[in-house]
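**Student:** curious how this folds, go ahead:
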Amino acid sequence: MHTFASLTDRVRGILSMLPAAPEQWALKSPGKMLNASALLALLSSMVPTLPAVNMTIYQSDIPIAPSPLPPPGSSSQGAEIIRQFTKLSRSTAWNLVGKIKFEGDTFEPEGIVHLGGDRYIVSAGEWIVPRSTCSAGLDGGEKVCGEGFAHMLVFDGKGRRVADATITEAGAAEYHGGGIDYDGTYIWTTLAQYRPNSTATLVRMRPETLQPEPLLRIADHMGAIVHDLSTGDILTLNWGARSASLWNLRYKPQELPEFTTPRAVIKNPSHYTDYQDCKFLGHSQQYGFRPVMLCSGITNLYGTTIGGVALVDMETMVPLYELPITMVSDRGNLVTKNPMDVAVIDGKMRLYFLPDEHNSTLYVYEPV
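**Tutor:** Residues are numbered from 1 along each chain as shown. Purely as a prediction, here's the structure:
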């Protein structure tokens, strides 16, 4: 097991031990020389492509992400996923085709992507202080409720830990990582305060580094997220997925830390399921080439917990096709309680669920 220190700090330390005029020792090639200051500046500019500062590596002999990166399983197979999904009903029988125990503490899983055949990346929240405990913010700022860390956990195909990246700092107000979506280049997520009607930051990261790149700030809690690569639209869902906010980075956001106004806010007309994690499926010919996502979650109603998965129109939040899901984990939780992913494997649609906190098992189902 290894922990990465900052590469820039390492280089700075090495240069401090060199003789005077360290620029003569930094880098030399035929006809070119890069002095120490320029080297440090270059490394500093590369920070977004470096491993996350608090990255713990458990398997140093394999990369964090496969290379080359695979296409996104959901959107690249969206038409077939939609075709198969819309043939299912509440009487559909499900076959458990995979059950993988994930190694170590998984905290509270929030989002998952199946990255190729041998990687799973999970966003998870570690709660240190209950969110019911609130304190005044720094310098008299907005109150901070609870305390914790957002993690990006990486597992191999057998459930063994590959890496654990802590992507928020100690004491950060926005320490709740949301659902995640993968577009073939970036993993997209939100970092939010762990309470409704609060704030969030939209971030993306490369799977190879898991270094979050903040893009814009949002004046509300946000959880699930999807990215439409063809239009640049980004849809984020607030607490309980009661509304969705639309963003597009082709329109310049406000300078951080100022809040950016969403291009649209769409009220969710469905009260059946509070979506926890969503995946972009592309522009569906079956639905008039409208952008469609697959979402899963649970709702507590009248003392009963119900779970479901739905095809959702991203422009209206109207469910296009819904399925109740009744399978439970070995610990008694509905499998849709936490994150979900979807793919077509050997011609059959598969759903991936990670419902349990701390001691998590991945359940992989195919419809019979």
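**Student:** contacts, neighbours, all on C-alpha from now
**Tutor:** Fine.
**Student:** stretch 250-260: end-to-end distance?
**Tutor:** Taking Cα to Cα, to the nearest Å, stretch 250-260 runs 13 Å from one end to the other.
**Student:** where in this protein is pLDDT low?
**Tutor:** Scanning the chain with the threshold set as pLDDT under 70 gives 1-53, 136-142.
**Student:** and the top strand by length along the chain, how far out from the chain middle?
**Tutor:** Looking across the chain with DSSP state E, the single longest strand is strand 119-135. Relative to its chain's centre, strand 119-135 lies at 14 Å (Cα atoms, centre = their mean, to the nearest Å).
**Student:** what residues of stretch 248-259 count as buried?
**Tutor:** Neighbour counts over stretch 248-259 (16 or more other Cα atoms under 10 Å) mark Asn248, Pro253, Phe259 as buried.
**Student:** I'd say the second one and Ile218 touch.
**Tutor:** Spelled out, it's Pro253. No: using Cα atoms under 8 Å, Pro253 makes no contact with Ile218, being 10.5 Å away.
**Student:** list the residues that contact both of the two?
**Tutor:** Listed as contacting both Pro253 and Ile218 by Cα atoms under 8 Å, 6 or more residues apart in numbering are Thr260.
**Student:** what separates the nearest residue to Gly177 once chain neighbours are set aside from Ser76, distance-wise?
**Tutor:** Nearest in space to Gly177, with sequence neighbours left out and distances taken as Cα to Cα, 6 or more residues apart in numbering, is Leu191 at 4.7 Å. Distance, Leu191 to Ser76, by Cα to Cα: 26 Å.
**Student:** and Trp94, by the same measure?
**Tutor:** Distance, Trp94 to Ser76, by Cα to Cα: 24 Å.
**Student:** can you map out the strands along the stretch 151-300 of the chain?
**Tutor:** Assigned by DSSP state E, counting those that start in this stretch, the stretch 151-300 of the chain shows strands spanning 161-166, 176-177, 181-182, 187-192, 200-205, 213-218, 225-227, 233-237, 243-248, 264-267, 274-284, 290-301.
**Student:** I'd like these as JSON lines, with distance to Ser67 appended.
**Tutor:** Listed next are these as JSON lines, based on distance: least, Cα to Cα, whole Å:
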{"stretch": "strand 161-166", "distance to Ser67": "15"}
{"stretch": "strand 176-177", "distance to Ser67": "25"}
{"stretch": "strand 181-182", "distance to Ser67": "15"}
{"stretch": "strand 187-192", "distance to Ser67": "15"}
{"stretch": "strand 200-205", "distance to Ser67": "16"}
{"stretch": "strand 213-218", "distance to Ser67": "21"}
{"stretch": "strand 225-227", "distance to Ser67": "22"}
{"stretch": "strand 233-237", "distance to Ser67": "26"}
{"stretch": "strand 243-248", "distance to Ser67": "28"}
{"stretch": "strand 264-267", "distance to Ser67": "37"}
{"stretch": "strand 274-284", "distance to Ser67": "22"}
{"stretch": "strand 290-301", "distance to Ser67": "26"}
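**Student:** please identify the deepest-packed of those strands.
**Tutor:** Among these, ranked by average contacts under mean count of other Cα atoms under 10 Å, first place goes to strand 176-177 (a mean of 30).
**Student:** elements contacting that strand?
**Tutor:** strand 119-135, strand 144-156, strand 187-192 (3 or more Cα pairs under 8 Å, 6 or more residues apart in numbering; DSSP states H and E).
**Student:** and the nearest residue to Thr316 once chain neighbours are set aside, what does it touch?
**Tutor:** In space, and not counting its chain neighbours, Thr316 is closest to Ile266: 6.4 Å by Cα to Cα, 6+ apart. If you count contacts by Cα under 8 Å, 6+ apart, Ile266 has them with Ser243, Ala244, Ser245, Leu246, Glu315, Thr316, Met317.
**Student:** in space, what's closest to the third one - neighbours in sequence excluded?
**Tutor:** Put plainly, it is Ser245. Val265 (4.5 Å).
**Student:** how about that neighbour, what does it touch?
**Tutor:** By Cα under 8 Å, 6+ apart, the neighbours of Val265 are Ser243, Ala244, Ser245, Leu246.
**Student:** ok, the first one - contacts?
**Tutor:** Under the criterion of Cα under 8 Å, 6+ apart, the contact list for Ser243 reads Leu237, Val265, Ile266, Lys267, Asn268.
**Student:** ok, the first one to Pro262 distance?
**Tutor:** In this view, Leu237 and Pro262 are 12 Å apart by Cα to Cα.
**Student:** then the last one?
**Tutor:** The span separating Asn268 from Pro262 equals 16 Å under the rule Cα to Cα.
**Student:** quickly note the distance from Val292 to Met349.
**Tutor:** Going from Val292 to Met349 by Cα to Cα gives 16 Å.
**Student:** is Leu301 in a bridge, and if so with what?
**Tutor:** Beta-bridge partners recorded for Leu301 (DSSP bridges): Thr304.
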